[in-house]
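Chemist: Need a 3D model of the sequence below.
(2 chains)
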Amino acid sequence: VKMARLLQFKIAVVSTVLFVVCTNLVCCNNGRRVGDAMDTEFSGFSVPLEHSFEVDDVAKFKVRGALVLKAGREHSVSLTQNQLSEEDRAKLKEVAAVDGLYRIRVPRVFLQADRQTERQMDGYLTAFVRACAMVESHLSDVIALYSDVSGYLIGVSIVTLPGACRGTEVEDEVDLEVFNTTLSIMAPVNAPGPETALFLERMEQETEKKGKNPQEQKSFFAKYWYLILGGAIFLMATNSAQPPAGGEGEQS
Amino acid sequence: MAKLILLCLKFIILSSAVEAVFEDQVGKFDWRQEYVGKVRFSHFDTHVQSSKKVLLATENNVFAALNTRTGELFWRHVDKTGPEGNIDALLQHGQDVVLVVGNGRLLRSWEINVGGLNWEIVLDSGSFQSACLVGQQDNVKHVAVLKKTVISFHYLSNGHQKWIENLPESETVDYQSVYSDGNGEVYALGIVPHSHIAIVAYSVEDGEIIKQMSVEAAWLSNIQASCVVISQGMLTCVDPLTVSLYMLDLHTESQMTQIPLQSLGLEVAPGFHPVLVSTQPNPGRQPLSEFFLQLGPDYYQLLQLNNGQIVTLRDFKPAMLVSFATTGEKTVAAVMSPKNKTASSLNLFSAETGRRLLDTTLIFNMDPYGGKPEKLHVQAFLKKDDSVGYRVMVQTEDHTLTFIQQPGRVMWTREEALSDVVTMEMVDLPLTGTQAELEGEFGKKAAIQDGLMSMVLKRLSSQLILLQAWIAHLWKLFYDARKPRSQVKNEVTIENLSRDEFNLQKMMVMVTASGKLFGIDSKTGSILWRHYLDNIPSNAAFKLMVQRTTAHFPHPPQCTLLIKDKDTGLATLHVFNPIFGKKSHVSPPALPQPILQSLMLPLMDQDYAKVLLLVDDQYKVSAFPSTKNVLQQLQEMASSIFFYLVDSTQGRLSGYRLRTDLSTELIWEVVIPAEVQKIVSVKGKRPNEHVHSQGRVMGDRSVLYKYLNPNLLAVVTESTDLHQERSFVGILLIDGVTGRIIHEAVQRKARGPVHVVHSENWVVYEYWSTKSRRNEFSVIELYEGMELYNSTVFSSLDRPHAPQVLQQSYIFPSYISTLEATLTEKGITSRHLLIGLPSGGILSLPKMFLDPRRPEIVSEQSREENLIPYAPELLIRTEWFINYNQTVSRVRGIYTAPSGLESTCLVVAYGLDIYQTRVYPSKQFDVLKDDYDYMLISSVLFALFFATMISKRLAEVKLLNRAWR
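Modeler: All right, here's what the predicted structure looks like:
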């Protein structure tokens, strides 16, 4: 039984984690734009993903690849990206050596809009990771895009796997050629409200169980006969002990 | 079986949460102070000669009666905040006080002896202009209320409306004032600016218009600011442009007569708008024919209207404040004039003649750390020999009320600035002289400099000092023991302040909206120092930071107050010693640029002052203190100093990193579109918070590790769409260093105000559910999982895996005003949430009830873990109120501070009132109870000791005997 319960619990944990991670499943329309969302469901559009790594840490963004975003009930995203040129590889290693930053940015977009002009908004969303982490992980990064309730892109994040900078040298230039990117787009999770329905159901079940349980339906005497009997015996015992005591009192 | 377990569980919950106060503990560890706010109207109760009441109506919408002997409250009525409860007028007649409340919405009558409500009536809509009592032949029976378009007349006895009349031509005429002098007529005075005055006279009996006239007055723009009525209905106005008085008889004339002030030999100070002050002692009679004319900031002239001629009676120069007061048939004028730099003198003058009354001088010593006097409230009374005596309540700029008796004895002071505390900190008290001596002996510097011999001598001398102190202490104990209990009082003064054994007594540094700072002893609540900062902008934002604590003897502790003008963004720093309130000799840097952000670093300079970084609008960083040492440290640390800025109007959150040249670089950006949702609050964790346990032990003995990110920010947004179906509250958890969104959740069909607490690995927030029309609490907890990624150190830059997020919501049966979590020294004690309720209660809710791991179905493991089964409603138990019957009105904030005892957390709730207490979230596990039986334990110990001695002896004898055998 214990094992089974443990399993259950683990499933619960895993499912919550899945729920958090696989936000692609989460419905993301705000109730107003259902129609629009349906229209754009099949038309993806692309925005540039740019990156920058400079020895002097002054950002100069260059195109790294193109993100293809598909809006709809479930947002989806895919990425086509170029390889790092030899020049860039050398520079990345150089930047890593001085503990510089590797930055990425994407333009702010509105996923639910119909026309291209409406999608683009001014400004960018930026994120960074230490360049050394990028190098040491052999360009394996995890990029996540975050959208809000109504489908605006609000943030981007980048982490590498592994994330630490241990100072290990990357000998092979080939390791720094191709990006190994895991990409996801996340919409907000619906926060749960108070679980009244389930609680009430449980309460009802409990009362039902109580109703069925024959022990609960026994009469007062049937339930507590041993207490009453014990009490009676006790009373009798004390009564029978009293007369001698009273007799003593009379004698004195 | 299940029932039994349930019973057991219930018992556990109850036993762990019960923490009510015993009757004999009331007031032992807690205190409350009640305030009223800045006084707008005051009235001394004069209808009984021996009365000791003063009635106050304040800007905080409070109506109260104070005891003039002690300054304590007799009673207090706290109305709604904001314009709805605004007190527009206060009129007293006999035992009744009539208030006009909420821009003329309500008319209320109060009985002043016990503060009971006589009646209340709702007035017709329209913005309030003026009100006055109306009497006839000394008999005051009515009150007249003038509004924008109507004048209404009510009985004083029951509030019923006698008549109501529309004002003629109210579209063009701006009626501003109402006047009556007991002749059966009520005058409404209105004005068409820069054209003419309109005067309408109504009959008191039926509201019929008796007379209506319009008088040319092109120079006049505001009646209330420049006109008064004196004598037999003479409307007297002053015109600063032509420097003359204009007079108009309300009864007869229809032409204003001009009297140039020059003809009276008077001159107005350049650039000053002259002001008239008159008095009408009895609403059933005419006003006095004497009046004051203020001609300059410190120049008053007493004038009299005598047979239609203005006569000068006396000039007062310099005079700061004047006030009329009436007792019986006598009216006097009190005049305050400066004496020297620290004191000013008050004198009484006869109003009729302008002669100074003998023996009426009163000296008012001004607090060098207070504000200038602003208003005089004079209580005049007749002495036995029929001469006039008086007491005076002086109101100063810092909202302090000082009540003074002749010849200058301060009877009481009230610091009404404390009704509006903005922010506060608790600072440890310093060590005593002897403790400090010891500290000095073992200080690092001393040990290096001196040799062995001098060290020995030092040691001996400090031991001697300790001995001396101990003997003195014993003597005091002996001395006090002979005196009766009630006389022994440990007066706390600034001299004998010292830290107690468990660091339970601290200095509360409070910053008020008026710009007055207070140092309050947390044990007794007595104010130990005060400091008024003048030239504080009215819309200032304050941030108080402790730069150096008392732990670094001999360096004095240091606090820095950042005062920022919200409009311009310009800021100033005030650096002071939190124990004595003295301004520090350390001169703060001038800040010519608007300040965007300030942050305290854990770095210290060579004098142990923490470094304060200020970011200006050019994104340049300046440090305070900015010594060479600090700058060097900053250069070394620069690449690991990150900060974030929030621009809520654009919804932009941006992260910056410090560069070695103290410039900054933008490293991340998150933009939340402001047209959909707006950022309402951003909460980080408290820097002085300790988390004792890295994880939670689960039912199967495995550990679920907490996600303890010190850089995590909880960002709360509210939707701009307020429709109840579409509104939502958004919660974003963002890493403040990398800008990574850790978690993004939306609470649908919810609305603010949202209250948030962010601590350890959890965020608790409260919102209004528009769907179910109730308040709900939600808790988010973050866990790393069953194993830690890097158990030695946390770095935001190296934490690639997102944490597990658990969330649960509950129904809460009340609105809340504020929310805070308890804080203890080492974080071992379980946490409670302190919830300030609008009812004035402060609820201590165990965090245990807000735990997303509360199971819906009870299992063996959850029982093992002591998890409470999920119930959707959080109950309010009366024993959870930490302030029992000590209601804290309009609680706005709760401050928690750890004490030296792990079990104890100090709590201060502030709002209109201030309440201080201690809470023990896990009960007092490290303190012996008051009724602990020392006698029993020690006698048992002794008995055991002797028993062992005797038995040992017996055993020895026995052994010896056996050996002989």
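Chemist: drop to CA atoms for contacts and neighbour counts, all remaining ones
Modeler: OK.
Chemist: Hmm, residue B:112 and residue B:96 touching each other?
Modeler: Yes: using Cα atoms under 8 Å, residue B:96 is in contact with residue B:112, at 6.1 Å.
Chemist: how about the strands in the stretch 101-250 of chain A?
Modeler: Along the stretch 101-250 of chain A, the stretches classed as strands by DSSP state E, counting those that start in this stretch are A:101-109, A:120-130, A:140-147, A:153-160, A:180-186, A:189-190.
Chemist: give me every residue that touches the nearest residue to residue B:868 once chain neighbours are set aside.
Modeler: Using Cα to Cα, 6 or more residues apart in numbering or on different chains and skipping the chain neighbours, the partner closest in space to residue B:868 is residue B:854 (5.7 Å). For residue B:854, the contact set (Cα atoms under 8 Å, 6 or more residues apart in numbering or on different chains) comprises B:862, B:867-870.
Chemist: change it to 6 Å
Modeler: Neighbour list for residue B:854: B:867-870 [criterion: Cα atoms under 6 Å, 6 or more residues apart in numbering or on different chains].
Chemist: now the residues you listed as a markdown table including distance to residue B:567, pLDDT and secondary structure?
Modeler: Below are the contacts of residue B:854 laid out as a markdown table (distance: Cα to Cα, whole Å; pLDDT from 0 to 100; DSSP: H, G, I helix; E, B strand; the rest coil):
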| residue | distance to residue B:567 | pLDDT | secondary structure |
| --- | --- | --- | --- |
| B:867 | 50 | 90 | coil |
| B:868 | 49 | 91 | coil |
| B:869 | 50 | 90 | coil |
| B:870 | 48 | 91 | coil |
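Chemist: need these in TSV with neighbour count and distance to residue B:840, can you?
Modeler: Output for those, formatted as TSV (neighbours: other Cα atoms under 10 Å in any protein chain shown; distance: Cα to Cα, whole Å):
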residue	neighbour count	distance to residue B:840
B:867	22	31
B:868	22	29
B:869	18	30
B:870	23	28
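Chemist: so which of these comes closest to residue B:457?
Modeler: residue B:867 (60.5 Å; Cα to Cα).
Chemist: Give the full set of residues in contact with the closest one.
Modeler: By Cα under 6 Å, 6+ apart, the neighbours of residue B:867 are residue B:854.
Chemist: For it, grab phi and psi.
Modeler: Backbone geometry at residue B:867, expressed as degrees, to the nearest 10, gives phi -80, psi 140.
Chemist: What separation do you get for it and chain A?
Modeler: 14 Å (Cα to the nearest Cα, to the nearest Å).
Chemist: okay, and the helix or strand of the chain with the least pLDDT?
Modeler: Going with chain A. Every helix and strand of chain A was ranked by mean pLDDT, DSSP states H and E. The lowest is helix A:34-39, at a mean of 37.
Chemist: Show the model's pLDDT score for the nearest residue to residue B:52 once chain neighbours are set aside.
Modeler: Once flanking residues are discounted, residue B:52 sits nearest to residue B:68: 5.2 Å by Cα to Cα, 6+ apart. Listed pLDDT for residue B:68 reads 91.
Chemist: how much space is there between residue B:68 and chain A?
Modeler: 53 Å.
Chemist: picking that back up, could I get the strands of the stretch 101-250 of chain A as CSV with distance to residue B:724, mean pLDDT and mean neighbour count?
Modeler: CSV is the format used below for those (distance: least, Cα to Cα, whole Å; pLDDT from 0 to 100; neighbours: other Cα atoms under 10 Å in any protein chain shown):
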stretch, distance to residue B:724, mean pLDDT, mean neighbour count
strand A:101-109, 27, 90, 24
strand A:120-130, 29, 87, 19
strand A:140-147, 23, 90, 20
strand A:153-160, 24, 91, 26
strand A:180-186, 26, 89, 18
strand A:189-190, 17, 92, 20
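Chemist: Let's have the ones you listed in CSV, adding distance to residue B:829.
Modeler: Shown next, in CSV, are these (distance: least, Cα to Cα, whole Å):
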stretch, distance to residue B:829
strand A:101-109, 41
strand A:120-130, 37
strand A:140-147, 37
strand A:153-160, 36
strand A:180-186, 37
strand A:189-190, 32
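Chemist: Looking at the ones you listed, spot the one closest to residue B:585.
Modeler: Nearest of those (Cα to Cα): strand A:101-109, 42.0 Å.
Chemist: Could you see whether chain B lies near that closest one?
Modeler: No: counting by Cα under 6 Å from any Cα of the partner chain, chain B is not contacted by strand A:101-109; separation bottoms out at 7.6 Å.
Chemist: tell me which parts of chain B are close to chain A?
Modeler: B:668-672, B:740, B:744-747, B:798, B:800, B:804, B:809-810, B:872.
Chemist: Restricted to strands, list those.
Modeler: Under the assignment DSSP state E, the residues of chain B next to chain A contribute B:668-671, B:744-747, B:804, B:809-810 to strands.
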